[in-house]
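Novice: Quick one, what's the 3D model for this:
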Amino acid sequence: MMSFPEIIIIVSHLPILLTVVFAAIQYKKLDHPLQVFSWFIFLSGVIQFASLACWFAGKNNMPLLHIYVAAGFVCLAWFYKTLLSGFINAGIIWLITILFLVFTAINSIFIQPVDTFNSNALTVESVLIVILALFTFRFFLSDIVKATSGHHIKSLNWINAGLFIYYSSGMLIFYFGAAIIRIFSRDHNLYTWIFHSFFSIVMYTCFLIGLWKRSMN
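Specialist: Model prediction:
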């Protein structure tokens, strides 16, 4: 019989599934920034459910996390580059992306191997996404943006808010993640990841609301 933390972790995957399915159905109707963002959703769905399958099978799913951090950041950088066009030089975002990929590769090869929790890369990724999300909130306050893109700012605000909430709240978990896994028992680890699952539910719910609002326009 599954424990309560295990049930919560499994249930937290339901919003992911709903968001992936909805994004796939609406993909052709979405404008370019949301189509770009949909690739992050599709990647997340594949990695998250593959990771869940490994967890059920009792296999180490950490290599998937190393892939997800690198590929996920590329998708989000592409999304923010598209979204912030004219506000932040695209070259800056791509430079940050390249530097991050170099960092996460070095981290996975020499510091935190692929079979361990890559807390260093996750923490740096979280900081960068939070900064980009804050820039986006500022960008949406522009009168010009409101006048030219007001019809879909609400949907993008939901998505940006979801990313901000998840990565800002998860920063401490990511930073201390390796120590938590090493020091505490599996049961205690599960309770820690309940908090992570809660913020994951919040994030994907924000994504689903944002996509739904855009589909209604």
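
Novice: So what's the residue count around the nearest residue to residue 80 once chain neighbours are set aside?
Specialist: Once flanking residues are discounted, residue 80 sits nearest to residue 132: 4.6 Å by Cβ to Cβ, 6 or more residues apart in numbering. Bear in mind the C-beta positions are built from the backbone N, C-alpha and C, glycine included. Counted with other Cβ atoms under 10 Å, residues neighbouring residue 132 total 23.

Novice: Next up, identify which helix or strand residue 132 is on.
Specialist: helix 119-140 (DSSP states H and E).

Novice: Any buried residues in the strand or helix carrying residue 92, and which?
Specialist: Here residue 92 sits within helix 90-106, counting by DSSP H and E. The neighbour-count check on helix 90-106 (16 or more other Cβ atoms under 10 Å) flags 93, 96-97, 100-101, 103-104 as buried.

Novice: Likewise for stretch 123-143?
Specialist: 123-126, 128-130, 132-133, 135-136, 139-140.

Novice: and what of stretch 57-65?
Specialist: By neighbour count with 16+ other Cβ under 10 Å, stretch 57-65 contains the buried residues 61-65.

Novice: go on, stretch 15-33?
Specialist: Those would be 15-16, 19-20, 22-23, 26, 30, 33, for stretch 15-33 by 16+ other Cβ under 10 Å.

Novice: What about those residues, which are in helices?
Specialist: 15-16, 19-20, 22-23, 26, 33 (DSSP state H).

Novice: With pLDDT and distance to residue 167 added, can I get these in TSV?
Specialist: Shown next, in TSV, are these (pLDDT from 0 to 100; distance: Cβ to Cβ, whole Å):
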residue	pLDDT	distance to residue 167
15	96	17
16	97	16
19	98	17
20	98	19
22	98	22
23	98	20
26	96	24
33	93	19
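
Novice: Take the helix holding residue 132, keep the C-alpha atoms, and write them as CSV.
Specialist: Output in CSV follows, covering the C-alpha atoms of helix 119-140 (Å, rounded to 0.1, in the frame of the first residue of the first chain):
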residue,chain,number,x,y,z
SER,A,119,21.4,20.6,-7.2
ASN,A,120,24.1,23.0,-8.5
ALA,A,121,22.6,23.2,-12.0
LEU,A,122,19.0,23.3,-10.7
THR,A,123,19.8,26.2,-8.3
VAL,A,124,21.5,28.2,-11.1
GLU,A,125,18.6,27.5,-13.5
SER,A,126,16.1,28.6,-10.9
VAL,A,127,17.9,31.9,-10.3
LEU,A,128,18.1,32.6,-14.1
ILE,A,129,14.4,31.7,-14.7
VAL,A,130,13.3,33.9,-11.8
ILE,A,131,15.3,36.9,-13.2
LEU,A,132,13.8,36.3,-16.7
ALA,A,133,10.3,36.1,-15.1
LEU,A,134,10.8,39.4,-13.3
PHE,A,135,11.9,41.0,-16.5
THR,A,136,8.8,39.7,-18.1
PHE,A,137,6.5,41.1,-15.4
ARG,A,138,8.2,44.5,-16.0
PHE,A,139,7.9,44.1,-19.8
PHE,A,140,4.1,43.5,-19.5
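
Novice: what's it packed up against?
Specialist: helix 62-83, helix 90-106, helix 143-169, helix 171-183 (3 or more Cβ pairs under 8 Å, 6 or more residues apart in numbering; DSSP states H and E).

Novice: Now do the same contact list for residue 199.
Specialist: For residue 199, the contact set (Cβ atoms under 8 Å, 6 or more residues apart in numbering) comprises 165-166, 169-170.

Novice: All good on my end, thank you.
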